[in-house]
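[1] starting from these lines, generate the structure:
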Amino acid sequence: MFKAFKQFGGLPKENYVLFIGKLVTSMGAFVWPMLTFFMTTKLGYSDTKAALILSIETLVSFPFCLLGGYLADKYDKKSIIIIFDLIGVSCYFISSIVPFSFWTIAIIFMGAVSQSLESPAYDALIADFSSSEQREKACSLNYLGFNLGFVLGAAFSGILFVSHTRLCFVLNGVSILISTILIFFFIHSSNKISDDNKEEISHSIYEDPVDNSINAFKILWDRKTPLFMIFIFVIAWSSSTVNSILLPLKLKSLFNEYGATTYGYLSSLNGLTVILFTPLYSLIMDKVDEMPKTSLGMALYISGMIMFSLSNNTKLYYLAMFIFTLGEISLVVGASPYMSRRIPLTHRGRVSGASSVIQTILASLFQYLISILLTITNSNYSFIYTIFIIISSFFALLCMLLYKKDKEIFPLLYKK
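    Presented below is the predicted three-dimensional model:
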């Protein structure tokens, strides 16, 4: 196990600052895991209305994803993160004060928009402070930081939700503020891996800068497989979004308000599994290419969703979450470095923004579809799960078929 964690050594120091910042932020992320419960129990919204509101919020946020990508490529990434994080902090503090109502949801969504605006800059910073060969480890470390904090935050959110909901909002704001302070003092753009020495370090020509005026969608169209992989990644992450809506609703139908506590423990298991298995998985799968990792991740996702859809047994939910989380690990380790190794550094922010837009639109459509299906099927969760299992299976197969084409377009990345 020590060897598994030792592999994260040797990265530029900024990666460890970003790791700690992500850890602290996710430790206070009490709000989002419980948002469905908040709307259906504290505000008394129906399952359909809660799913519809989530879909509208997702759809409204997509222009901000594009704007965030544009800003990340044009302006200082550190400044972008600090500015929009402070806006998010303000929103969470305000939401803890105002009376619970629709406006509470609106303010929380404003905080989410600010996070959408800074997200491409954060992702680009990880790429800026790692070479192509270090990228997978840097992304895995950042992912590990998120879950190391989340494993504690999710458990506390399940406990605090019932009687201390406002405290969840306050702690969410405090955690983002701490992360912002760390980035302000310890991230220095002058230390990033520069264009001059990048080729010497990484030997990847696919990240070389191109004309900054070229549209991000043209970059994707010319390189083909990254464009298709965006849709595959989006469908994969949408499976997680679907589960984050359906699972709380199903638990609520079984355990009423205290389903939030069960969901909190399941979320903690998710984080704990990530912490223990991400380093081990990264070490074992080090020689495996990104696309096979993505296919394996989707297969595990699908297996977990099948178990969630069929079971009403609490113990089986924990097994399903373990399998589902292994799929999540495989997807992150495969997907996170995939795009950054194939996209020019001049367009990282915009491509990240474009990816977020596609993800936002599809996620919104899925959430809207869920709201319709909940009404039509009278909240038949198993049937709704089945629809998304079929969709995910199709895209998992597509990923396997594109593997050969990717080797033809990016041959230098497959020279071991």
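
[2] does F322 sit in a helix, a strand or a coil?
    At F322 the chain is in helix, as set by DSSP: H, G, I helix; E, B strand; the rest coil.

[3] one more: S379?
    coil.

[4] and the contacts of stretch 38-58?
    The contact list for stretch 38-58 (C-beta atoms under 8 Å, 6 or more residues apart in numbering) reads 31, 35-36, 100-102, 104-105, 109, 112, 161, 165, 245, 249, 252, 257, 260, 360, 363-368, 370-371, 374-375, 379. (Each C-beta comes from the backbone N, C-alpha and C, glycine too.)

[5] out of the residues you listed, which sit inside helices?
    35-36, 102, 104-105, 109, 112, 161, 165, 245, 249, 252, 260, 360, 363-368, 370-371, 374-375 (DSSP state H).

[6] which among the residues you listed end up buried?
    35-36, 104-105, 109, 112, 161, 165, 245, 249, 252, 260, 360, 363-364, 366-368, 370-371, 374 (16 or more other C-beta atoms under 10 Å).

[7] how close does I372 sit to L345?
    Distance, I372 to L345, by C-beta to C-beta, to the nearest Å: 42 Å.

[8] low-confidence stretches in the stretch 301-416 of the chain?
    Applying pLDDT under 70 to the stretch 301-416 of the chain picks out residues 416.

[9] what is the least confident helix or strand in the chain?
    helix 195-202 (a mean of 45; mean pLDDT, DSSP states H and E).

[10] show me the helices in the stretch 151-300 of the chain, by range?
    165-186, 195-202, 216-223, 225-255, 259-284, 290-310 (DSSP state H, counting those that start in this stretch).

[11] correct me, but G69 touches I343?
    No: G69 is beyond contact range of I343, at 11.4 Å (criterion: C-beta atoms under 8 Å).

[12] okay, the two: which has more neighbours?
    Shown here are G69 and I343; by other C-beta atoms under 10 Å, G69 has more neighbours (28 against 23).

[13] okay, and that one sits in which element?
    helix 47-74 (DSSP states H and E).

[14] what does I391 give?
    Using DSSP H and E, I391 falls in helix 381-409.

[15] so which other helices or strands are in contact with that helix?
    helix 225-255, helix 290-310, helix 348-376 (3 or more C-beta pairs under 8 Å, 6 or more residues apart in numbering; DSSP states H and E).

[16] what about V332, neighbour count?
    V332 has 27 neighbouring residues, counting by other C-beta under 10 Å.

[17] need the helices of the stretch 151-300 of the chain in a markdown table (columns: distance to N142).
    Putting the helices of the stretch 151-300 of the chain into a markdown table (distance: least, C-beta to C-beta, whole Å) gives the following:
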| stretch | distance to N142 |
| --- | --- |
| helix 165-186 | 12 |
| helix 195-202 | 18 |
| helix 216-223 | 22 |
| helix 225-255 | 16 |
| helix 259-284 | 11 |
| helix 290-310 | 16 |
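
[18] weakest of these by average pLDDT?
    Looking at the helices of the stretch 151-300 of the chain, the lowest mean pLDDT belongs to helix 195-202 (a mean of 45).

[19] what about E14, neighbour count?
    22.

[20] could you check how far it is from A106?
    Using C-beta to C-beta, one gets 35 Å for the distance from E14 to A106.

[21] quick one: low-confidence parts of the stretch 51-200 of the chain?
    In the stretch 51-200 of the chain (pLDDT under 70), the answer is 58, 62, 151-159, 161-162, 190, 193-200.

[22] again, 90 this time
    51-81, 84-85, 88-89, 91-92, 95-180, 182-200 (pLDDT under 90).
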